[in-house]
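[1] A predicted structure for the sequence below; I have some questions about it.
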Amino acid sequence: MRILILGGTREARELAGALTARHHTVTTSLAGRTSQPDRPPGRVITGGFGGAEGLADYIERARIDYLIDATHPFAAQISANAVAAAEATDIELLRLRRPAWPVPEPNAWVEAENAQAAAGVLPPGATVFLTVGRQGLAPFLARKDCRFLLRSIEPPEEQLPGFVTAIEGRPPFSRNDELALMRRRRITHLVTKNAGGRDTYAKIEAAFILKIRVIMIERPALPKAPEVGSVAAAMEILSQLPAPKRFVFF
Ligand code: NAP
């Protein structure tokens with residue numbers, strides 16, 4: 001089958017590997033935000049489609065049989081586009097979204113509905129480890145009474161004010177490295193998104209150990225779609241797809 005994976009996550013790469021190993025024709029689509037992304041097996045296209053209509057056009061032109069949305073849990077726009085495009089083209093959609101981190105104990109972290117709310121929770125004078133990506137920084141940049149250590153995979157494009165220090169880092173991160181970083185930078189607060197998964201959880205463990213306050217930005221709501229939480233669960237469903245015809249040459 002011709003399968004389009006909307007990617008940009010470790011799960012999307014693993015799924016592309018598993019499906020190409022089963023001889024499906026797999027195309028992974030990346031938004032193109034990072035200049036050197038980890039490339040999944042199979043074909044890769046980059047740069048977006050032009051909204052839900054553009055995605056539907058692509059699905060028809062490329063004669064895609066099955067759509068998988070394996071994008072990051074905070075990539076709400078492309079997930080909404082996937083639902084609309086699958087409906088418009090009448091193909092099946094499966095969403096692979098890793099489970100959110102559960103609160104380990106009551107009041108372990110402060111939940112914030114979005115970046116604006118998270119920025120509002122910070123007390124004046126806080127030294128904040130900010131791991132929310134390069135986009136959506138505006139509410140934090142308005143907090144001139146705090147200092148920020150911003151970590152992202154690639155440096156922010158915009159010029160940042162003096163109270164923000166930008167560092168680069170690509171997951172996975174180890175607990176010892178996170179502990180050392182937070183100690184060295186005298187962090188008092190961690191602001192992060194509830195991304196789920198194991199690659200970026202070490203900073204939260206480190207924050208608990210150091211008694212650093214954690215502000216957790218909740219996931220955006222997504223339109224309804226058939227959904228699984230792991231690559232294995234996705235493969236259980238996808239292994240029921242008709243196997244592609246294979247030609248054997250003697
Ligand atoms: P978004 O806000 O949901 O999407 C904005 C636009 O970017 C979409 O309308 C689409 O443009 C394009 N786009 C997004 N993902 C795409 C994909 N996989 N393939 C082709 N086009 C895509 O997305 P975002 O939050 O900026 O995230 C962008 C990408 O980074 C996603 O693929 C996601 O998996 C990955 N990522 C995001 C985060 C995060 O925290 N948001 C973290 C790690 C990785 P068109 O309308 O032109 O098609």
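    Yes, it's here.
[2] What is the distance between the longest helix seen in the chain and the centre of its chain?
    Secondary structure of the chain per DSSP state H: the longest helix is helix 76-89. Offset of helix 76-89 from its chain centre (CA atoms, centre = their mean, to the nearest Å): 17 Å.
[3] same thing with stretch 203-217?
    Averaging C-alpha positions (CA atoms, centre = their mean) puts stretch 203-217 20 Å from its chain's average.
[4] what comes up buried for that stretch?
    For stretch 203-217, the buried set under the neighbour-count rule, 16 or more other CB atoms under 10 Å, comprises Lys203, Ile204, Ala206, Ala207, Ile212, Arg213, Val214, Ile215, Met216, Ile217. Quick note: C-beta positions are derived from backbone N, CA and C, even for glycine.
[5] what about it, average pLDDT?
    The average pLDDT within stretch 203-217 is 98.
[6] which residues are in contact with it?
    Residues outside stretch 203-217 that contact it (CB atoms under 8 Å, 6 or more residues apart in numbering) are 101, 104, 108-115, 117-118, 121-122, 129, 131-132, 173, 175, 178-179, 182-183, 187-194.
[7] Near the ligand, which residues of the protein are found?
    6-9, 29-31, 33, 48-51, 54-55, 71-72, 74-78, 81, 133, 193 (CB under 6 Å from any ligand atom).
[8] Drop anything exposed from those.
    Here, 16+ other CB under 10 Å leaves 6-9, 29-31, 49, 55, 71-72, 74-75, 78, 81, 133, 193 buried among the residues of the chain next to the ligand.
[9] What sits closest to the one residue sitting closest to the centre of the chain if chain neighbours are left out?
    Centroid check for the chain by CA atoms, centre = their mean gives His72 as the closest residue, at 2.6 Å. Residue nearest to His72 in three dimensions, not counting chain neighbours: Thr9, with 5.5 Å by CB to CB, 6 or more residues apart in numbering.
[10] Hmm, that neighbour is touching Thr71, no?
    Yes. Contact criterion CB atoms under 8 Å: Thr9 and Thr71 qualify, at 6.5 Å.
[11] hang on, the earlier thing: from the residues of the chain next to the ligand, which ones fall inside strands?
    Counting by DSSP state E, the part of the residues of the chain next to the ligand found in strands is Leu6, Ser29, Leu30, Lys193.
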